[in-house]
Every structure is written in C-alpha cells, then in structure tokens.
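Trainee: when you get a sec, could you give me coordinates for this:
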Amino acid sequence: MLLSTAPRINALAYLSASLLLVASTGLAAELPREKPEALGMSSSQLGKITARLQDDVAKGVMPGAVLLVARHGKIAYYEAIGEQDPQAKIPMAKDSIFRIYSMTKPITSVVAMQLVEEGKMTIGDPVARFIPSYKDAKLGVEKPGADGKMVLELVPTRPVTVQDLLRHTAGITYGFFGDTAQKRAYRDSGALSGDYDNADFADRIARLPLGYQPGTVWDYGYNTDILGRVVEVADKTTLGQSMQQRIFGPLGMKDTSFFVTDPAKQKRIAEPFTADRNFGAGADFSEPRKAAKFESGGGGLVGTAMDYARFLKMLLNKGSLDGKRYLSPATVTYMTADHMGDHVKPGPFYLPGVGYGFGLGFAVRKETGVSPMAGSAGEYNWGGAGGTYM
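Mentor: Presented below is the predicted three-dimensional model:
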C-alpha cells in the first residue's frame, strides 16, 4: 500500500515498477515487523523501492510517501520517505495523515454491505427507495439539434439500483472525464457549488442526466457518494457516524475521518507541492482542516497507512479482525468477484484497466495475464487521486 502526495498517475507508475502490493495472506493484529527473508521476500529488492522513491523525491516528482508491504501477517517493509509538507520542510512520518480520496470508496462499500447483511437493504433495491428524487432520473441522449449542434434529449430509463452505485454502472459521471454533452451538463449546472449536505447533494445529482442506461457501462463518477446517502437513510444516521460506529472505532482506525479538527493531528496532514494542488476541471486538493456538511463517501476521507492496513487486514481475513466479525466470508468473496460480466461494457475512461473487471467497490483482476502490470487473478485494488494506492 502506497500513500504519497503525488498525483495518482505517479502512484500507478510506482506500482508497475516495483510491485507495491499488500500481500494476500492477512496481517497480524498488531502488525509485527519481520525480516523480509523470513516472509519469502528480499531485503535487497525491497531496498530498490526505497531507492526509487528517494530518487523521485530528489527529482521533485513528489514530496514524499509512506509505503507498507505485509505478508503472512507481518510487515516486511514500512518506510516513510521525503517530506510530509514540502513548503514547511516537515519530514514524512509513518503516521502522516493523507487525503485518501477514492480509497474512501471501499470503506463506504463495506458499510453498505453490512447493511445488506442486516436486511436493511438489498443490492437489487432501486435507489429511489432511499432517495425519492431518483424516481425521476432520466437518460441524456445526445442528438443533433435544429441548428446542427449536439443537444441532450432526456428519455426514461430503467431504475438505478444499489448494485449500480457499488460497481459504477449507474450512468453517473464526475463530469471531468471526456467532453460529452452529459458531462458538460455536470460541469455547467452549478449543482456542485455551495455548501450542501449528503441529502441535498444526492438530490442535485438526481436532477442531472444519466450518461448511459443503468447497468450497461462502467463510468467513473459520484456513484459512491450517492451510495453514502443511501447508507445514511438505511442506517438512520450520518455517513460519518455510521463509519465511526461500524468501522473506525471497532477496527482501531483512530486517525481516519472526514475532517481533522484536532490541532495536534492537523500538524500531521501531508501536503502536495504548491503547484500540484489541482486535478483539472476546477477540482482542487481538499482542505480537511475545515469541517463541512458534505461527507463524501466517494472521496472524502483522510487517514494513515496503518489505519488502512487494519481495514485491509479485516478484508484479507474474509471479514473478521481480533475476534470481531464485520462481514461474512461469503460477502467478502461476493464483493471481490467481478460484477461486470459480459453485459457491462468498459467506458471510454476505464480506470481498472485491461484484464480487470469491477466488483462492489474494487477493481478485480480476472486473469494473471493480459494486463501490462504483473499480478494474480483474484487480486483486488483501488487508488486515490491524491497519490494513494492499495
């Protein structure tokens, strides 16, 4: 698992060069350290990762990173490299707090599946059961207008389901991938400006046109943010409170939250370069020191490498940690299986990549070959726009 303050594309480049993976055999409760050779790994090869990251820091590719690699329940590699804050010249620390952005999505998905296990919803439920504004969701079909310019015609669509939100097949976009009329409608609507809570946000997105018939195309977007609102309605609490009660508190993820209001913890927040704070299309690095109404289930959390390792340990243990069960083994297996099959097509910006399908919150590797990155069938992963990857 890699947490850095470089753009996500750089984190993916590190993966292809050095195989920065959390091994698939579970982590011990206290994450003890063991010599790499005792875990079937190589100190010299792991040392090359350190050298590469240090070189990238020296070249100004990124300010710094924290990398954790574990196997057979023990940590083989755990290093903090470079600077936590390049402006203030604060060294990176293992407990530095990162904006994990889309690595929030697996956590939101796990909470949703806990509610499924409790019978509070099913993944086949229409989203309109929880968010009534989705009864009026419309598909935007791009057609030539009278003046020859492309316009959107709104037509009825099949209901968006909870499964669609979990696997990014709801037809919901982010608006900054591509330049279709539907994506421009997102950017030009003004719906995403101002101070809104999760309920208001979901209603605003429901009024915007869907880009695809639900269940037909994988398209990255605000799907998991809308899922966060579904969680709130089904669990009868805020998303942050639900996560705290169900995941963060029981798992001991003491530094993971939507906002960092404690001044002592604020000093540990990792920062990018001053000139590297924009993802494009007006999307800037968030400011977690200032609490807001909106709790983004798709990208709002901050946390540490060790916190996320405990979450991953629970998944690798098929849903349990330290004697407490969070999900059934069958549910974890179900979530990490491919849910696209032959009937869901990859969109034009298919982030999982060739050789991968998508499960309920994760990219899922379908076969050992095909992908240009080494890996194994059954591997699941995801990353965040701020330079994090698991």
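
Trainee: for the closest residue to Pro352 other than its chain neighbours, give me its contacts.
Mentor: Excluding its sequence neighbours, the residue lying closest to Pro352 (CB to CB, 6 or more residues apart in numbering) is Ala363, at 3.7 Å. Glycine gets a C-beta too; all of them are placed from N, C-alpha and C. Contact analysis of Ala363 by CB atoms under 8 Å, 6 or more residues apart in numbering lists Leu351, Pro352, Gly353, Tyr356, Gly357, Tyr380, Asn381, Trp382.

Trainee: from those residues, which would you call buried?
Mentor: Leu351, Pro352, Tyr356, Gly357, Tyr380, Asn381, Trp382 (16 or more other CB atoms under 10 Å).

Trainee: check which residues of stretch 358-368 are buried.
Mentor: For stretch 358-368, the neighbour count (16+ other CB under 10 Å) marks Phe358, Gly359, Leu360, Gly361, Phe362, Ala363, Val364, Arg365, Lys366 as buried.

Trainee: averaged over its residues, what pLDDT does it have?
Mentor: Taken as a whole, stretch 358-368 carries a mean pLDDT of 97.

Trainee: could you do stretch 55-67 as well?
Mentor: 96.

Trainee: state the phi and psi torsions of the residue nearest to Pro352.
Mentor: Main-chain torsions, Ala363, degrees, to the nearest 10: phi -80, psi 140.

Trainee: mind listing the helices for this structure?
Mentor: 8-18, 43-59, 104-117, 162-167, 181-188, 198-206, 223-235, 239-243, 249-251, 263-266, 305-316, 329-335 (DSSP state H).

Trainee: what is the mean pLDDT for the fifth one?
Mentor: Taken as a whole, helix 181-188 has a mean pLDDT of 77.

Trainee: centre of the chain to that helix, how far?
Mentor: Relative to the centre of its chain, helix 181-188 is centred 23 Å away, using CA atoms, centre = their mean, to the nearest Å.

Trainee: ok, the third one next?
Mentor: In terms of CA atoms, centre = their mean, the gap separating the centre of helix 104-117 from the centre of its chain is 12 Å.

Trainee: can you check stretch 82-99 too?
Mentor: For stretch 82-99 - counting by CA atoms, centre = their mean - the centre lies 21 Å from the chain centre.

Trainee: now do that stretch, average pLDDT.
Mentor: Mean pLDDT, computed over stretch 82-99, is 96.

Trainee: same check on stretch 301-311?
Mentor: On average, stretch 301-311 scores 96.

Trainee: how about residues contacting it?
Mentor: Counting by CB under 8 Å, 6+ apart, 1, 3, 22, 27, 31, 66-68, 70, 78, 94-100, 103-104, 106-107, 110, 247-248, 251-260, 269, 288, 321, 390 sit against stretch 301-311.

Trainee: same thing but at 7 Å, please
Mentor: For stretch 301-311, contacts defined as CB atoms under 7 Å, 6 or more residues apart in numbering pick out 1, 3, 27, 31, 66, 68, 70, 94-100, 103-104, 107, 247, 251-253, 255-258, 260, 288, 321, 390.

Trainee: if we can go back for a sec, closest one of the contacts of Ala363 to Val231?
Mentor: Trp382 (18.1 Å; CB to CB).

Trainee: contacting residues for that closest one?
Mentor: The contact partners of Trp382, taken as CB under 7 Å, 6+ apart, are Ser102, Met103, Lys105, Pro106, Phe362, Ala363, Met390.

Trainee: where does pLDDT dip in the stretch 101-250 of the chain?
Mentor: For the stretch 101-250 of the chain, residues meeting the criterion pLDDT under 70 lie at 177.

Trainee: care to break the protein down by domain?
Mentor: By the assignment in automatic domain parsing, the chain contains the domains 2-113+251-326+368-389, 122-235.

Trainee: just tell me which of those domains ends up closest to Gly341.
Mentor: Gly341 lies closest to domain 122-235 among these, at 10.4 Å (CB to CB).

Trainee: give me the distance between the two termini of that closest one.
Mentor: Domain 122-235 stretches 13 Å from its first residue to its last (CA to CA, to the nearest Å).

Trainee: from the middle of its chain, how far away would it be?
Mentor: The answer for domain 122-235 is 18 Å, by CA atoms, centre = their mean.

Trainee: cool, stretch 120-139 as well?
Mentor: 22 Å.

Trainee: just the endpoints, please. Distance across that stretch?
Mentor: 28 Å.

Trainee: got the buried residues for it?
Mentor: For stretch 120-139, by 16+ other CB under 10 Å, it's 120-121, 123, 125-131, 134, 137-139.

Trainee: this completes my enquiry, with thanks.
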